[in-house]
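K.L.:
Requesting a structural model of the entry that follows:
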Amino acid sequence: MEDGMTTSGAPLWMCLVMFVLLTQHTSHSIDVAGLSVDPPANIKITDPGYLGHLKIEWNRPSSLQNLTDCTVRYQLRFYSTYTERWRSVRTVRLSYEAQFDLEKPIQLRMLTLVKGACTNDTEVLGEEVELVHTPEHAGVAGSRIRDFHCVYLNKEYMDCMWKAGSVNPPGSKHFLYYWHREMPETTECPEYIPPSEFWIGCRFPKESLLEFSEFNICVNGSSAEGALKPAFFSLEVQNKVKPARVSGLQLLVENDLVQVQWSPPAGKVPEQCLEYNLEGTTESTDGSKWQWTNVTEDTTIDFLWNGGSQMTCFRVRSKVNNYCADEGFWSDWSDSVCFPEITVEDRKYEPWNDLALASILIIIIVAVLIFCLMLWMLSKMCVNRKEQKQAFTLYQEKVHKAFLSPVFH
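P.N.:
Below is the predicted model of the structure:
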């Protein structure tokens with residue numbers, strides 16, 4: 001392995017699958033008018049180190065080497081585990097490049113096609129041969145990362161996050177490598193995100209990304225117990241966009257017509273690539289609520305207001321539409337705006353508000369009366385005790401005088 005294939009982190013070769021497959025088939029050729037149509041010869045698959053972007057090569061069958069009056073083509077079929085279907089291509093070339101998931105079996109089927117004067121202008125298909133190979137990856141069992149996902153935030157940068165595997169040996173460190181078709185070689189993550197309690201991540205600045213292209217990623221690692229199992233992913237960046245929050249949500253009211261307006265989110269997502277999800281929540285005076293949603297590519301929606309005391313609150317979010325991407329993420333919800341706004345003046349005329357106010361006043365009056373009664377009773381008790389004390393004192397004085405009178409007379 002060249003020095004350039006090793007970085008300060010885990011060696012890049014841990015993400016490579018170095019293999020060559022040669023056809024070893026015992027099928028019989030197809031003979032037409034003395035012409036033997038054999039399958040392609042020396043079929044091989046090589047890994048140039050692009051994390052699943054493999055090169056398939058073959059040779060013209062020896063039985064057709066000297067054929068000059070017919071065109072020889074080749075049909076290649078391979079199973080895409082990302083789309084879960086077979087893909088097919090016909091070519092006169094002797095090589096083809098395709099994307100594979102290096103964690104799943106690689107399946108190829110090839111045959112030769114001949115057409116021209118030598119076949120009376122009838123296309124002859126040779127027998128199809130099949131190759132199946134399952135890549136093997138070294139690493140601590142259970143150490144493959146989990147919950148890998150990427151979000152292209154407002155087309156400004158992309159964050160890819162993951163969790164450690166179910167088995168996380170001591171001293172584990174993760175490393176991410178990536179590649180797309182405009183890169184001469186695989187490169188390590190440009191900026192690792194400081195790990196949180198559970199999540200580990202890599203941040204890609206916009207200049208490192210390429211849309212409408214395979215964006216291949218491998219996350220491997222090292223530990224005190226040995227290499228961690230590598231994980232492979234292939235995505236298209238434009239399908240991972242999450243726009244910024246919608247701003248400027250407002251309501252324009254004219255008679256019984258209410259128009260909801262908002263501005264496209266700031267950022268680098270083109271306005272023509274956005275669709276919006278408007279959500280309305282209506283609340284009645286009895287406290288019941290119901291919701292409705294509307295998906296639109298416009299930035300205004302009109303509806304009729306039937307008056308009354310109902311209040312409806314609106315909020316909106318955005319996502320890249322199907323014209324610009326196959327999928328994407330909804331933005332965060334905007335702040336809510338309500339109509340009509342229920343003020344204190346509005347609320348005091350509601351029957352339940354009057355009842356509540358009357359109840360509160362009654363409670364206050366009763367509390368004041370009870371308090372006054374208690375004060376009166378306390379004061380009365382104090383006066384009685386004082387009168388009793390004075391009467392007892394007078395009684396003592398009379399007794400004292402009555403007792404001393406005989407002595408001095």
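
K.L.:
mind showing which ranges of the stretch 251-400 of the chain have poor pLDDT?
P.N.:
307-309, 341-354, 385-400 (pLDDT under 70).

K.L.:
can you tell me which residues contact Pro40?
P.N.:
Pro40 sits next to Thr23, Trp58, Asn59, Arg60, Pro61, Tyr74, Met110, Leu111, Thr112, Val129 when contact means C-beta atoms under 8 Å, 6 or more residues apart in numbering. Yep, even glycine has a C-beta here, placed from its N, CA and C like the rest.

K.L.:
pLDDT check: weakest of those?
P.N.:
Summarising pLDDT for the contacts of Pro40: the lowest-scoring member is Thr23, with 48.

K.L.:
In which helix or strand does Trp376 reside?
P.N.:
In the assignment (DSSP states H and E), Trp376 maps to helix 351-408.

K.L.:
Which strands or helices does the host helix or strand of Met110 pack on?
P.N.:
Met110 belongs to strand 106-116 when elements are defined using DSSP H and E. Other helices and strands packing on strand 106-116, by 3 or more C-beta pairs under 8 Å, 6 or more residues apart in numbering; DSSP states H and E, are strand 35-37, strand 41-46, strand 53-59, strand 70-80, strand 124-125, strand 129-133.

K.L.:
Of all the ones you listed, which one is nearest Pro194?
P.N.:
Using C-beta to C-beta as the measure, strand 53-59 is the one of the helices and strands packed on strand 106-116 that comes nearest Pro194, at 30.7 Å.

K.L.:
Give me the angle between that closest one and strand 70-80.
P.N.:
Between the axis of strand 53-59 and that of strand 70-80 there is an angle of 150 degrees, by axes from the mean of the first three to the mean of the last three C-alpha atoms, to 10 degrees.

K.L.:
List the buried residues for strand 53-59?
P.N.:
His53, Leu54, Ile56, Glu57, Trp58 (16 or more other C-beta atoms under 10 Å).

K.L.:
Pick out whichever of these sits closest to Tyr177.
P.N.:
Top of the list for closeness to Tyr177, among those and by C-beta to C-beta, is His53 at 12.8 Å.

K.L.:
That closest one is in contact with Tyr96, isn't it?
P.N.:
No. Between His53 and Tyr96 there is no contact, the gap being 11.5 Å when judged by C-beta atoms under 8 Å.

K.L.:
The stretch 101-250 of the chain: strands as residue ranges?
P.N.:
In the stretch 101-250 of the chain, the segments counted as strands under DSSP state E, counting those that start in this stretch are 106-116, 124-125, 129-133, 146-153, 157-163, 173-179, 187-188, 192-193, 199-205, 215-222, 228-235, 241-242, 247-254.

K.L.:
Determine which stretch of those strands is the most buried.
P.N.:
Across the strands of the stretch 101-250 of the chain, averaging neighbours per residue (mean count of other C-beta atoms under 10 Å) puts strand 215-222 on top, at a mean of 25.

K.L.:
So what are the sheet partners of that one and their directions?
P.N.:
With DSSP bridges as the test, strand 215-222 is paired with strand 173-179 (antiparallel), strand 228-235 (antiparallel).

K.L.:
what would the ones you listed look like in a markdown table with distance to Thr281 and mean pLDDT?
P.N.:
Listed next are the strands paired with strand 215-222 as a markdown table, based on distance: least, C-beta to C-beta, whole Å; pLDDT from 0 to 100:
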| stretch | distance to Thr281 | mean pLDDT |
| --- | --- | --- |
| strand 173-179 | 42 | 96 |
| strand 228-235 | 35 | 96 |
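
K.L.:
Let me have the ones you listed in JSON lines, adding distance to Ser336 as columns.
P.N.:
What follows is these, written out as JSON lines (distance: least, C-beta to C-beta, whole Å):
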{"stretch": "strand 173-179", "distance to Ser336": "39"}
{"stretch": "strand 228-235", "distance to Ser336": "34"}
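
K.L.:
can you tell me which of those comes nearest to Arg90?
P.N.:
Comparison of those against Arg90 by C-beta to C-beta identifies strand 228-235 as nearest, at 24.0 Å.

K.L.:
what angle do that closest one and strand 157-163 make?
P.N.:
Relative orientation of strand 228-235 versus strand 157-163 (the same axes, to 10 degrees): 140 degrees.

K.L.:
And the contacts of strand 228-235?
P.N.:
For strand 228-235, contacts defined as C-beta under 8 Å, 6+ apart pick out 10, 14-15, 51-52, 82, 99, 101-103, 137-145, 148, 150, 162, 165, 169, 172, 174, 214-222.

K.L.:
one step back: wait, which of the buried residues of strand 53-59 is closest to Phe198?
P.N.:
Comparing the buried residues of strand 53-59 against Phe198 with C-beta to C-beta picks out His53 as the nearest, at 31.1 Å.

K.L.:
for the nearest residue to the closest one once chain neighbours are set aside, what are its contacts?
P.N.:
For His53, the nearest residue in space outside its immediate sequence neighbours is Gln99; the separation is 5.5 Å by C-beta to C-beta, 6 or more residues apart in numbering. Contacts of Gln99 were listed using C-beta under 8 Å, 6+ apart, and they are Gly52, His53, Leu54, Ser80, Tyr82, Glu214, Asn216, Ser234.
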